[in-house]
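Undergrad: Fold the stuff below for me.
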Amino acid sequence: MSETAVPGSSFLQAIAEPVRWQLLSELGHSDRRVGELTRLLDQPQSLVSYHLRGLRDAGLVSSRRSAFDGRDTYYRVDLARCGELLCTAGASLHPGLRLTVVPPEPAPRRRPARVLFLCTGNSARSQMAEALLEHRSGHTIEARSAGSHPKPLHPNAVRVMAERGIDISGNATKHLRRFARTRFDTVVTLCDKVREVCPEFPGGPVGAHWSMADPAAEGATDGETQPAFERTAEDLEDRVAHLIAALSTSERGKTRVG
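TA: Predicted structure coming up:
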């Protein structure tokens, strides 16, 4: 029987192994490559790869080829799926143990948390992430975005945000140099290529990487590529929700997300 066949006990068995728990914890902060996970856990690569395969088989972790180096692979954890299975595990033991995910109350702080999103063109992914974070947080978090090689704002990025009640049509694209002296609490790279050239920012912000495909790479600029942008928006909505939760539990808005 597969690990996903019995949601309660099999899920707990899948995550109970200490190395797997450490892997999920690290991937909860940032998408990682095997080499990084090996160093972070101080474990042999063969052991890390073995447990990553087990977590993939359980539907808890997924992978994608790096856009920077196709020989490399980034791994990410499905936090929403983990949350669902944790709730199911409690309920399967006893109805009185059914868990409910409750968003944390924002922690008091002297100023809003500040987050910078980076990708290559600043034309889609980072613009969408910036808009979603500010909108979903009720503007209690300040978000900015930039790119290593800025391009014009993509019309499909504007469309998918408009469908969510967010207008980014007037946004300008910016080079990451514009924020070279700006202090952020968290810097999130959304592109494997820009991660390799991401500069250091003042104040030592927390860093995280979300390895995401460029939706504009799937076709032209018209409605044909809309599904790719829709998938990107859905992925960002999930990631942004967890980022808000993480920042809401930190007094300085500088909790570890990467």
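
Undergrad: how is this protein carved up into domains?
TA: 7-97, 113-248 (automatic domain parsing).

Undergrad: Averaged pLDDT, the shortest one. What do you get?
TA: Per-region confidence: domain 7-97 scores 92 on mean pLDDT.

Undergrad: What is the neighbour count of residue 99?
TA: For residue 99, the tally of surrounding residues (other C-beta atoms under 10 Å) stands at 13. For the C-beta atoms, the positions are set from N, CA and C on the backbone; glycine is no exception.

Undergrad: mind checking which helix or strand the closest residue to it other than its chain neighbours is in?
TA: Leaving aside its sequence neighbours, residue 99 sits nearest to residue 87 (C-beta to C-beta, 6 or more residues apart in numbering; 4.2 Å). In the assignment (DSSP states H and E), residue 87 maps to helix 79-93.

Undergrad: Same question for residue 144.
TA: Counting by DSSP H and E, residue 144 is found in strand 141-147.

Undergrad: again with residue 115
TA: With DSSP H and E as criterion, residue 115 is part of strand 113-119.

Undergrad: for residue 230, same thing?
TA: helix 226-248.

Undergrad: any idea of the angle that helix forms with strand 113-119?
TA: 150 degrees (axes from the mean of the first three to the mean of the last three C-alpha atoms, to 10 degrees).

Undergrad: how close does residue 88 sit to residue 63?
TA: As judged by C-beta to C-beta, to the nearest Å, residue 88 and residue 63 stand 24 Å apart.

Undergrad: Let me fix that, I meant to ask about residue 101.
TA: 25 Å.

Undergrad: And the two? Which one has more around it.
TA: residue 63 (15 against 10).

Undergrad: which residues in this protein form strands?
TA: Counting by DSSP state E, one finds strands in the chain at the ranges 32-33, 61-65, 73-77, 113-119, 141-147, 186-189, 206-209.
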